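**Student:** sharing a model that was predicted from the sequence below.
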Amino acid sequence: MRDDSGNMSIDFLVGCTIFILAFIWVASMIPGMMIGLQSSTVDFDAVAYRTGVILIEDPGWPVSPPWETDLGDRKANVTRFGLALTKERPNIISEAKLNRFTCSTEINPLIGFEYPEEYHDRVIFGDYPYHFNISIRDIPRNEVRTIGEIRPEGYGYIRRLAKIKTMSNATINNLVVTNFSYMDPEPNNMVTLHEFSILINNSYLTKEIKDPAFQINPQRDEVMINLTELRSTMNAPDPQLIQIDLKNITIYTLEGGKMNYKRTFAEPIVDDVYYYDTSSNYATIPPVQNSICLKIRPDIIAEILKGATYPIYVNMTFNLTRESSFLNNTATRPFDYNYHPNNVTQSQLRDAIVEVAVW
């Protein structure tokens, strides 16, 4: 009887084991069998949260040179939008990235992105055909920039607080010209050809201030230089009758004590009119009336330096139709684009609210 009892216990254990394995196998098959009956709900709040994180905590791709500088046919290089200045400083939005992000093809066909396809592929992601509305409120300026559709009833939503880093800029007006002696009234300066140079000392700019929120980094941030009140630098009779021709704008680097020509700057803004790709023929630009603006994009600087930190000199050459004094610093020193508030308006941080709605 003891031997028979032992055999029955082994049979019982084997049977239970087979039953349990079969039960586990059947249970694992049930979700697959029922997949057609499952609901297709989407957590829109999660998608909105993910989109908000990408926008204000990620600088986007490519990083160097930054994606916002890829224009025209190079838009295809942009694979991910991100408004953050750097990964090390999340929640601080680059104003240049914001300007490019909110520029759709309806606003500017050359640099804008197609809505909604190119936005969906670069910031929303996924195969689901999401609809969205992204708005950035600039609180001090009371401005709202929006990309997307009007919000319906019921949508996923996230709101984030952020800061917008403004771009630095320099204005060279009559006061600056006087203070730095950029107009020599001596008779030997009564000529028709004049040159004015600007120094962008990359090594100094990136070492003097380390925090990206306040740093001037020409390989990441746009450099803007405004030359105004140009006719006030003339001391000839009837300066309004003198024609001012911008002959060229050239860029050099100082390497090992030697000036090396790199390229012509081809995108001046003359009297508030933007001229694109003028490097082959500056003669197509009409005479300057009173102002010139240079917006030197970081991709131009990055292409020139290729990772180095050489000082860059931007040289502007003017020709007058009659001899006169004019904006000219060949006898002094180049204008230094630096952290001195008298030279350059420094970057500031403005409060902003980023709202993302997805449905």
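**Tutor:** Structure received.
**Student:** only C-alpha atoms for contact and neighbour calcs from this point on.
**Tutor:** Fine.
**Student:** Thr317 looks like it's in a strand, true?
**Tutor:** Yes - assessed by DSSP: H, G, I helix; E, B strand; the rest coil, Thr317 belongs to a strand.
**Student:** going forward, begin numbering at 6 instead of 1
**Tutor:** Yep, numbering from 6; the last one is Thr322 now.
**Student:** assign a three-state SS to the residue nearest to it when sequence neighbours are not counted, would you?
**Tutor:** Leaving aside its sequence neighbours, Thr322 sits nearest to Glu200 (CA to CA, 6 or more residues apart in numbering; 4.6 Å). Following three-state DSSP, we place Glu200 in the strand state.
**Student:** now that Glu200 has come up, it's in contact with Asn320, right?
**Tutor:** Yes - proximity of Glu200 to Asn320 meets the contact threshold set by CA atoms under 8 Å, at 6.9 Å.
**Student:** for the stretch 6-155 of the chain, which spans come out with low pLDDT?
**Tutor:** When residues are selected by pLDDT under 70, those of the stretch 6-155 of the chain lie in 6-14, 32-46, 110-115.
**Student:** residue ranges of the strands in it, please?
**Tutor:** Ranges of strands in the stretch 6-155 of the chain, per DSSP state E, counting those that start in this stretch, are 89-91, 94-99, 137-143, 148-153.
**Student:** quick one, domains of the chain?
**Tutor:** Following automatic domain parsing, one finds the domains of the chain at 49-171+354-363, 174-341.
**Student:** kindly reformat these as a markdown table containing mean neighbour count and distance to Leu26.
**Tutor:** As requested, the domains of the chain are exported to a markdown table (neighbours: other CA atoms under 10 Å; distance: least, CA to CA, whole Å):
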| stretch | mean neighbour count | distance to Leu26 |
| --- | --- | --- |
| domain 49-171+354-363 | 18 | 37 |
| domain 174-341 | 17 | 60 |
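**Student:** how about a markdown table for these, with distance to Asp16 added?
**Tutor:** Formatted as a markdown table, the domains of the chain follow (distance: least, CA to CA, whole Å):
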| stretch | distance to Asp16 |
| --- | --- |
| domain 49-171+354-363 | 52 |
| domain 174-341 | 74 |
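**Student:** so which of those domains is nearest Ala27?
**Tutor:** Proximity to Ala27 (CA to CA) singles out domain 49-171+354-363 among these, at 36.9 Å.
**Student:** how far does that closest one stretch from one end to the other?
**Tutor:** 6 Å (CA to CA, to the nearest Å).
**Student:** to the chain's geometric centre, what's the distance from that domain?
**Tutor:** Relative to the centre of its chain, domain 49-171+354-363 is centred 12 Å away, using CA atoms, centre = their mean, to the nearest Å.
**Student:** who touches the closest residue to Gln224 other than its chain neighbours in this structure?
**Tutor:** Nearest non-adjacent residue to Gln224, counting by CA to CA, 6+ apart: Pro303, 4.4 Å away. Contacts were defined as CA atoms under 8 Å, 6 or more residues apart in numbering; by that measure Pro303 touches 70-71, 74, 223-228.
**Student:** for Glu100, same thing?
**Tutor:** 169-172.
**Student:** now render the residues you listed as a markdown table, adding secondary structure.
**Tutor:** Shown next, in a markdown table, are the contacts of Glu100 (three-state DSSP):
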| residue | secondary structure |
| --- | --- |
| Ile169 | strand |
| Lys170 | strand |
| Thr171 | coil |
| Met172 | coil |
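**Student:** coming back round to it: how about the strands of the stretch 6-155 of the chain, which one is nearest Gln245?
**Tutor:** In terms of CA to CA, the element of those nearest to Gln245 is strand 148-153, at 39.0 Å.
**Student:** the closest one pairs with which strands?
**Tutor:** Here strand 148-153 is paired, per DSSP bridges, with strand 137-143 (antiparallel).
**Student:** ok, and what's touching the strand it pairs with?
**Tutor:** Around strand 137-143, the neighbours that count as contacts under CA under 8 Å, 6+ apart are 148-156, 169, 355-364.
**Student:** swap the cut-off to 10 Å and go again
**Tutor:** The contact list for strand 137-143 (CA atoms under 10 Å, 6 or more residues apart in numbering) reads 53, 56-57, 60, 103, 107, 121, 124-125, 129, 148-157, 160-169, 355-364.
**Student:** ramachandran angles for Glu154?
**Tutor:** Phi and psi for Glu154, reported as degrees, to the nearest 10, are phi -100, psi 170.
**Student:** look up how far Cys21 lies from Ala27.
**Tutor:** Distance, Ala27 to Cys21, by CA to CA: 10 Å.
**Student:** again, but for Gly57
**Tutor:** Counting by CA to CA, the gap from Gly57 to Cys21 is 53 Å.
**Student:** cool, and Ile290?
**Tutor:** Counting by CA to CA, the separation of Ile290 from Cys21 is 91 Å.
**Student:** same question for Asn179.
**Tutor:** 97 Å.
**Student:** for Gly161, same thing?
**Tutor:** Gly161 is 49 Å from Cys21, by CA to CA.
**Student:** ok, Tyr160 next?
**Tutor:** From Tyr160 across to Cys21, the span is 51 Å (CA to CA).
**Student:** likewise for Val349?
**Tutor:** Counting by CA to CA, the gap from Val349 to Cys21 is 83 Å.
**Student:** ok, these two, which is more surrounded?
**Tutor:** Shown here are Val349 and Cys21; by other CA atoms under 10 Å, Val349 has more neighbours (18 against 12).
**Student:** which residue is the nearest non-sequential neighbour of the more buried one?
**Tutor:** Closest residue in space to Val349, ignoring its immediate chain neighbours: Ala175 at 4.5 Å, by CA to CA, 6+ apart.
**Student:** done for today, thanks.
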